[in-house]
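*Asks:* predicted model and sequence follow; I will ask about them next.
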Amino acid sequence: MKTKIYVFQKAVLFSLLLLGLSFTVKATVYSFGVPMSGGQENPPNGSTAQGAVVGNYNDVTNVLNYAIGFRNLGSPTTAGHFHAPAGPGANAGVIHPFTNFPVGVMQGVFQSSVVLTEPQETSLKNGLVYSNIHTSGFPGGEIRGQIILNALTSTTYPFIGSYSGTQENPPNASPGIGLILGVYDAASKNISYILGFSSLGSGTTAAHFHAPAAPGTNASVIIPKAGFPTGVMEGFYSNQHTITAMQETWLLKGLWYSNIHTSGFPGGEIRAQLMVMAAPTFLNDGTIVLNASCFGNDGNLTIIPQSGVPPFMYSKDGGATYVPGPAAGFTFTNLSVGSYDLRLKDANGMESEIVTKTIVQQYGALPTFINNGTIVLDATCGNNDGNISIIPTSGGAPFMYSIDGGTTYVAGPDGGYTFVNLAPGTYHLRLKAASGCESDVVERTVEQNCPRSTTSSSKGVLTDDLSQMNKTGKVATFPNPSKGIFKVQLSNFASSRAEVSVFDGKGTLVQKRLVNLNEGSSADFNLTGRAPGLYYIKTVSDKGTTTSKVMVQR
């Protein structure tokens, strides 16, 4: 728990309430600002002291941040506490003592934080927590304030800052101290605030807001504090201003500071970096996700802060764990496919809303290849001369080809590859792209193409289908696969002539030859100017039609 103590000669933080500042913030962060008085004690007393307690509560982290200002106590302070559970007019035990609370004084300011338990949170949300200050004259409590959480808005940002000479650039040893509290309303672009200061080494000359600057760096004046009291070494000041969109961006990123100039320190005697009590935000669009490749474990998620006070912490599990990273953003790498809950935490301990993003397998998509009746050439009867062709239709070349499901691969042309001299059986076709992505496995079977024998019941004579087929003729192509130049051999045609045509995979006629079977029995084709791939040969005679295939490779 971090604690800072400020004791003013004439601090009047109660004026904060008169400004009507309502401390509300986004998301799960509540806020409050209530007066403290003797009339709220039980039993009430006649103390004329004034005080105020302001702060915020995050019901995700259970952190309660608060600041207390008081003046005109009837006797010196002895302690301060939060009590619960008790409503107005009732008393309860201490749930949190104000550690290092200034004692022996009758006016001052105190700032701290505490983590509440779940029952304490319940009391807070139900208005059953109160704060009081004990003095020697009122040991049971001189002034008290009942904590009531304000309704949330989506555009209101409270801020706080503590002044010291060590925050100036360059730092100095001034004994001056102070505190600034305020609220920014993004809807109206209006900033309202009050500040108190004391113990300066010389008389004031001016005060300003500066931006954009991180702690330890300087920036130009963006708003002068008109009417700031001069020639004094202690006092208070309040005002409000309308700011620009750029100034709003700097404020929400923690890049504003306020300082007080004196005759002894013309460049600034004490300075306070403004700490915005608001949930940080980060970029949330399509650019923050890099999907995984086919391997599935190389996705990226990037969190880029847009508001909040650096340094930042980054989470992909909703804030269960965080990692530190640069103020400009952080990328989680080597992520598997799945959903992630992104969250950002800033230097104030404020956490962003959770943004869920999903990594899918997208870039480096799985390659595909033709899968129809054209890719298998069955074996002839009694032979191991079947063919299977894998012809890519998507994926990046060069390709690798497999007929055993990817257990082994062979390199081949980009246009496709034919496995030849295959025995009848089932094969598991797979294609691998240059990215290493593998296609789905396609199962295809090479059949044994043998003629069938039938018996004529009327004549009792066996008739061989081959003899019937020979009336149509037999076609052989060689070499197959070829480099584009091949010969089509015709035999056993009971015809005088045949027309031989070659078609590509889309069914477009490529070349045609008329063969006079009385003069020769073959036709030569040259497809060297054509794309590699599977081509179809159609032979037509007056006895019928036969079809076959040829693979052209480079």
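*Replies:* That came through, no problem.
*Asks:* ok, the residue lying closest to Ser491 once chain neighbours are set aside - contacts?
*Replies:* In space, Ser491 comes closest to Lys474 once its chain neighbours are excluded; the distance is 5.0 Å by Cβ to Cβ, 6 or more residues apart in numbering. Where C-beta positions appear, they are placed from N, C-alpha and C, glycine not excepted. Each residue near Lys474 by Cβ atoms under 8 Å, 6 or more residues apart in numbering is listed here: 490-493, 546.
*Asks:* from these, which ones fall inside strands?
*Replies:* Cross-referencing the contacts of Lys474 against strands under DSSP state E gives 490-491, 546.
*Asks:* and the helices in the stretch 201-350 of the chain?
*Replies:* Taking DSSP state H, counting those that start in this stretch as the criterion, the stretch 201-350 of the chain carries its helices at 245-252.
*Asks:* show me what the spatially closest residue to Asn371 that is not a sequence neighbour bridges to in the sheet.
*Replies:* Distances taken as Cβ to Cβ, 6+ apart place Val442 nearest to Asn371, at 5.3 Å, with adjacent residues excluded. Beta-bridge partners of Val442, counted by DSSP bridges, are Leu429.
*Asks:* tell me the contacts of Val442?
*Replies:* 369, 371, 428-430.
*Asks:* in CSV: the contacts of Lys474, plus neighbour count and pLDDT.
*Replies:* Shown next, in CSV, are those (neighbours: other Cβ atoms under 10 Å; pLDDT from 0 to 100):
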residue, neighbour count, pLDDT
Leu490, 22, 83
Ser491, 12, 79
Asn492, 14, 77
Phe493, 23, 78
Thr546, 19, 82
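*Asks:* can you report how many residues neighbour Asn169?
*Replies:* Using other Cβ atoms under 10 Å as the criterion, Asn169 is surrounded by 16 other residues.
*Asks:* just checking, Thr445 touches Ala423?
*Replies:* No: counting by Cβ atoms under 8 Å, Thr445 stays clear of Ala423, with 11.3 Å between them.
*Asks:* closest one to Tyr535 out of the contacts of Lys474, please.
*Replies:* Thr546 (15.0 Å; Cβ to Cβ).
*Asks:* mind checking how far that closest one is from Phe503?
*Replies:* 14 Å (Cβ to Cβ, to the nearest Å).
*Asks:* joint contacts of the two?
*Replies:* Lys538.
*Asks:* quick check: ChimeraX command selecting the buried ones in the contacts of Val442.
*Replies:* The buried residues among those can be selected in ChimeraX (16 or more other Cβ atoms under 10 Å) with this line:
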select :369,429,430
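*Asks:* measure Val410 to Met400 for me?
*Replies:* In terms of Cβ to Cβ, Val410 sits 7 Å off from Met400.
*Asks:* more neighbours: these two, which one.
*Replies:* When Val410 is set against Met400 and neighbours are counted by other Cβ under 10 Å, the residue ahead is Met400, at 20 against 10.
*Asks:* so the more buried one bridges to which residues?
*Replies:* Beta-bridge partners of Met400, as defined by DSSP bridges: Ala411, Lys432.
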